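Engineer: fold the following, please.
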Amino acid sequence: MDEGAQPMLEEVIVTATKREASLQNVPISVSAISGDLVKEGAITQMSDVAIQTPNFNMVQFNIGEPQYFIRGVGSTLDSAGGDPAVATFMSKTSTSWKPFSLRKPVRK
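Structural biologist: You can find the predicted model right below:
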């Protein structure tokens, strides 16, 4: 950024309701993480997202069975067959039933 240049917030478009809407017009809470953090490797897994997101906690007792809590709402159900109280999605696909990671694919 040039010296003296003011940082600008770009408009955030939310598609949680399956329609595009400005964040200003959507009645939901959103935490945005910069793409730079992901590119720099500061965000590589869900525990990193939990550190950056207010009121989001992650506990993992068993490998592959993380427990997510948003504003204190979650489940301590410790069963691979159970549905979690907090769902996770990547590219519009639920990833709640399996371990979730943002690791980059290995390229050969």
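Engineer: surely L37 is within a helix?
Structural biologist: Yes: applying DSSP: H, G, I helix; E, B strand; the rest coil, one finds L37 inside a helix.
Engineer: now it: closest residue in space that isn't a chain neighbour?
Structural biologist: Nearest non-adjacent residue to L37, counting by CB to CB, 6 or more residues apart in numbering: I43, 4.9 Å away. (Glycine included, C-beta is placed from N, CA and C.)
Engineer: okay, buried residues for the longest helix anywhere in the chain please.
Structural biologist: In the chain, with assignment by DSSP state H, the single longest helix is helix 46-52. Going by neighbour count (16 or more other CB atoms under 10 Å), the buried part of helix 46-52 is M46, D48, V49, A50.
Engineer: and stretch 53-73, by the same measure?
Structural biologist: F56, N57, M58, E65, P66, Q67, Y68, F69.
Engineer: quick check, nearest of these to V30?
Structural biologist: Nearest to V30 among these: F56, at 11.8 Å, using CB to CB.
Engineer: wait, what's in contact with the most centrally placed residue in the chain?
Structural biologist: Computing the C-alpha centroid of the chain and ranking residues by CA atoms, centre = their mean puts V49 first, at 5.7 Å. Counting by CB atoms under 8 Å, 6 or more residues apart in numbering, V49 touches I33, I43, F56, M58, L102.
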